[in-house]
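Undergrad: Build the 3D model from these lines:
(4 chains)
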2 protein chains.
Amino acid sequence: MAVTIRDVAHACGVHVSTVSRTFSAPQMVNAETRTRVLAAAEQLGYRPNRAARSLTTGRTGNLGLIVADLANPFFPPLIKAAQAAARAQDYHLFVADTDEDPAEEQDLVLAFSKQVDGIVLCSPRLSNKALGKLAETIPFVLVNRRMRGVPTVVMDVAHGARTAMEHLAGLGHRRVALVSGPAGSWTSGEIRRAATDMPGVETVVFGPNAPTEQGGVAVAGQIADAGVTGVLAYNDLVAIGLIEGLEQRGVRVPGDVSVIGIDDSVTGRLHRPKLTTVAMPTADAGRMAVDLLVRSMSAATVLDTHLVVRESTAPPKGSP
Amino acid sequence: MAVTIRDVAHACGVHVSTVSRTFSAPQMVNAETRTRVLAAAEQLGYRPNRAARSLTTGRTGNLGLIVADLANPFFPPLIKAAQAAARAQDYHLFVADTDEDPAEEQDLVLAFSKQVDGIVLCSPRLSNKALGKLAETIPFVLVNRRMRGVPTVVMDVAHGARTAMEHLAGLGHRRVALVSGPAGSWTSGEIRRAATDMPGVETVVFGPNAPTEQGGVAVAGQIADAGVTGVLAYNDLVAIGLIEGLEQRGVRVPGDVSVIGIDDSVTGRLHRPKLTTVAMPTADAGRMAVDLLVRSMSAATVLDTHLVVRESTAPPKGSP
DNA sequence: GTGAAAGCGCTAACAT
DNA sequence: ATGTTAGCGCTTTCAC
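TA: Numbering: from 1, shown residues only, chains lettered A, B, ... in the order given. Here you go, the predicted structure:
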């Protein structure tokens, strides 16, 4: 076994609680003793066992973040921002990937639940019911999924989708395909609702589809045959896959068919033709989700009070 | 506080040890009792506390994976493969991002050290000395960094770099730039050694550079003025940034200058012009790193034995 | 097959 | 300022 608090205590003739305090409340211990303890700890290579600590304090100092697919360029900016926000509040952020699998998602939440103080769950694929149960286990914040009673950060993708449809309509497209995302995706539902509700444009829905390049490639055949002149895709990856698939079939973009993605990912920026897309404030979402999470974890939000000096107070009678 | 083993024990008139056994050694408990315990646990929503469990068992069931930059498309395939390998052996994989910061890297290893059973450290930026100290704390496997006494998975990037240089030489390029990576990167050293050691080609080294698109953009001016006709870049991202920077300056790729990346990332595949690049077996590396880690963690590797039947055995004398 | 009890490494009252 | 002690939730001998 590794070196424990007891070994350090032994080594410098002091008691375990003093060693403990040296690490968790340094100002409570005599400077000279502290130096001795620190020296001994250093020399023995002592490292506080965070798991044991969390057992008594109930805090781990970690946050978890769960995404459906790390390889989706939508997530890294969100994760990086979340990470920065976590560090700023002295938390470590652990990330996990569910591979779009609801069962794995549930499993990961449970695995995290005793090792982190809270979880940011991005674009969950679990049902509301399952999420509700999990929410009793550990504080979490949802990203891109709205749910009663659970703190949530959503991006107004419906607005973005409407803008995209207006753009297509403005260009003169009258028959447009919506290539939707995976089942269980809240975002996909939002996009669909917004996109099918467009006056003057007939919208044909294709889906559900995997939210990946492959998903786009796979649906290209149907789109080519659908007699549409414009497409709104679930995300940039799908849009890119679709474009590749269409061009393989000799359908030119945007010559024959216009395609719009969603996310404004790096991948979309670097693709040629440069992708028209709906920008999502992913970094903001990551940062806000962590801030929200940390705030929701503190038992009570403490609001400042301040003294209001009116007329009921005065210097004591008879003072100079 | 959450529901504990004791609550469950109470609820079904059994003792804590029985409940414990129900979860960690089910075959040791009477089927009927087990059913009762399981029912009570389910009903109360009991979940074993893994942190507490790890305190007595010394195992957490988690692995950690640390990368320099999640947003680098080099990593997701590696991470996904590592994740799959971890799941296959019943581990959860937690990922963290150091933001290219050695101090953060050290911090994360320490944060992980008591919550995971082992760590995969990808392209570490820490010094050998610092890594050596950390290696005493917790088992780890290094990816893309060679170090004595520590299990390692490296990709033969030197070979790839040589091939790339040969390709340029074969095309007739005689003066080539090497756009190197960040300080502390083992890979960058390997590439540099291989690329500068090329007979018949004069190699000018530029760097260190940030291993990002920005890093490539930033060095474009120098490359444009360097009088080179070919470039080998530290990775695809740098190559892409460089191409953008060059084209902004009116330098055409590959018309005026040829550029090669390293990694064969999705991003490079989707970029136009399609990037010539050195493919790296990232998924293999991720999978192997995890396998190696798990194997190195088990105190002893157990090899199968099998019975060899020759002629020294026979049925007992007198049997039918 | 199940109960009792010790202890994993640490913190947090409470004493002194 | 430091020592004492009782747990945190769980596993694991050792008895019964």
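Undergrad: Against B:Arg269, how distant is A:Thr60?
TA: Distance from A:Thr60 to B:Arg269, counting by Cβ to Cβ, to the nearest Å: 40 Å. (Glycine included, C-beta is placed from N, CA and C.)
Undergrad: More neighbours: which of those two?
TA: More crowded of A:Thr60 and B:Arg269, by other Cβ atoms under 10 Å in any protein chain shown: A:Thr60, with 24 against 15.
Undergrad: looking at it, that one is touching A:Arg50, isn't it?
TA: Yes - contact status for A:Thr60 versus A:Arg50: in contact at 6.7 Å, counting by Cβ atoms under 8 Å.
Undergrad: Give me the domain ranges for chain A.
TA: Segmentation of chain A into domains, based on the TED database, reads A:5-57, A:62-155+A:282-304, A:157-281.
Undergrad: And for the nearest residue in space to A:Ala111 that is not next to it in sequence, the neighbour number?
TA: In space, not counting the residues next to it along the chain, A:Ala111 is nearest to B:His92; the distance is 4.4 Å by Cβ to Cβ, 6 or more residues apart in numbering or on different chains. Each residue near B:His92 was counted by other Cβ under 10 Å, and the total is 23.
Undergrad: Can you report phi and psi for B:His92?
TA: Torsion angles at B:His92 (phi, psi; degrees, to the nearest 10) stand at phi -100, psi 150.
Undergrad: would CSV of the domains of chain A with mean pLDDT be doable?
TA: What follows is the domains of chain A, written out as CSV (pLDDT from 0 to 100):
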stretch, mean pLDDT
domain A:5-57, 88
domain A:62-155+A:282-304, 89
domain A:157-281, 93
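Undergrad: So which of those domains is nearest B:Gly184?
TA: Ranking the domains of chain A by distance to B:Gly184, with Cβ to Cβ as the measure, places domain A:62-155+A:282-304 first at 19.9 Å.
Undergrad: and that closest one, does that touch DNA strand C?
TA: No - contact check for domain A:62-155+A:282-304 against DNA strand C, using Cβ under 7 Å from any atom of the strand: none in range, with a minimum separation of 13.4 Å.
Undergrad: which bits of the stretch 51-200 of chain A sit near chain B?
TA: Contacts of the stretch 51-200 of chain A with chain B, taken as Cβ under 8 Å from any Cβ of the partner chain, map to A:51-52, A:54-55, A:58, A:60-62, A:64, A:70-71, A:73, A:76-77, A:79-80, A:83-84, A:87, A:92-97, A:99, A:104, A:107-108, A:110-111, A:113-115, A:133, A:136-137.
Undergrad: Buried subset of those as a ChimeraX selection?
TA: A single ChimeraX command selects the buried members of those (16 or more other Cβ atoms under 10 Å in any protein chain shown):
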select /A:51,52,54,55,60,62,64,70,71,73,76,77,79,80,83,84,87,92,93,94,95,96,97,104,108,110,111,113,114,115,137
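Undergrad: quick one: the helices in the stretch 101-250 of chain A?
TA: For the stretch 101-250 of chain A, helices defined by DSSP state H, counting those that start in this stretch occupy the ranges A:102-113, A:128-137, A:157-171, A:186-196, A:213-224, A:236-248.
Undergrad: and DNA strand D, which of those helices is closest to it?
TA: Comparing the helices of the stretch 101-250 of chain A by their distance to DNA strand D (Cβ to the nearest atom of the strand), the top pick is helix A:102-113, with 11.1 Å.
Undergrad: chain center to that closest one, what's the gap?
TA: On the basis of Cα atoms, centre = their mean, to the nearest Å, the separation between the geometric centre of helix A:102-113 and that of its chain is 15 Å.
Undergrad: And stretch A:240-253, by the same measure?
TA: For stretch A:240-253, the separation from the chain centroid amounts to 32 Å (computed by Cα atoms, centre = their mean).
Undergrad: And it, what's buried?
TA: Buried residues in stretch A:240-253, counted by 16+ other Cβ under 10 Å: A:240-246, A:251, A:253.
Undergrad: Stretch A:272-284 too?
TA: Here stretch A:272-284 shows A:275-278, A:280-283 as buried, counting by 16+ other Cβ under 10 Å.
Undergrad: just stretch A:214-222 next, same as before
TA: Across stretch A:214-222, burial judged by 16+ other Cβ under 10 Å covers A:215-220.
Undergrad: could you dump the buried residues of stretch A:240-253 to CSV with distance to chain B?
TA: Written out in CSV, the entries for those read as follows (distance: Cβ to the nearest Cβ, whole Å):
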residue, distance to chain B
A:Ile240, 6
A:Gly241, 10
A:Leu242, 13
A:Ile243, 10
A:Glu244, 9
A:Gly245, 14
A:Leu246, 15
A:Val251, 18
A:Val253, 13
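Undergrad: Find the pair from those residues with maximum spatial separation.
TA: When Cβ to Cβ is used, the two most widely separated members of the buried residues of stretch A:240-253 are A:Ile240 and A:Val251, lying 14.5 Å apart.
Undergrad: what about A:Leu171, how many residues close to it?
TA: Using other Cβ under 10 Å, the number of residues around A:Leu171 comes to 11.
Undergrad: so what's the closest residue to A:Gln248 other than its chain neighbours up against?
TA: In space, A:Gln248 comes closest to A:Ala220 once its chain neighbours are excluded; the distance is 7.3 Å by Cβ to Cβ, 6+ apart. Remark: with contacts taken as Cβ atoms under 8 Å, 6 or more residues apart in numbering or on different chains, A:Ala220 is in contact with A:241-242, A:244-246, A:248-249.
Undergrad: So which of those residues is the closest to DNA strand C?
TA: Checking these against DNA strand C with Cβ to the nearest atom of the strand, the nearest one is A:Gly241 at 50.2 Å.
Undergrad: what's near enough to touch the closest one?
TA: Residues counted as contacts of A:Gly241 (Cβ under 8 Å, 6+ apart) are A:212-218, A:220.
Undergrad: ok, and the closest non-adjacent residue to it?
TA: Using Cβ to Cβ, 6+ apart, the closest residue to A:Gly241 is A:Gly216 (2.4 Å).
Undergrad: Assess the claim that the one you found and A:Asn209 are in contact.
TA: Yes - in terms of Cβ under 8 Å, A:Gly216 counts as a neighbour of A:Asn209; the distance is 7.4 Å.
Undergrad: anything in contact with each of those two?
TA: Taking Cβ under 8 Å, 6+ apart as the contact rule, the neighbours common to A:Gly216 and A:Asn209 are A:179, A:238.
Undergrad: which residues of chain A fall in strands?
TA: Under the criterion DSSP state E, chain A contains strands at A:62-67, A:92-97, A:118-122, A:140-143, A:152-153, A:175-179, A:202-206, A:230-233, A:258-263, A:276-279.
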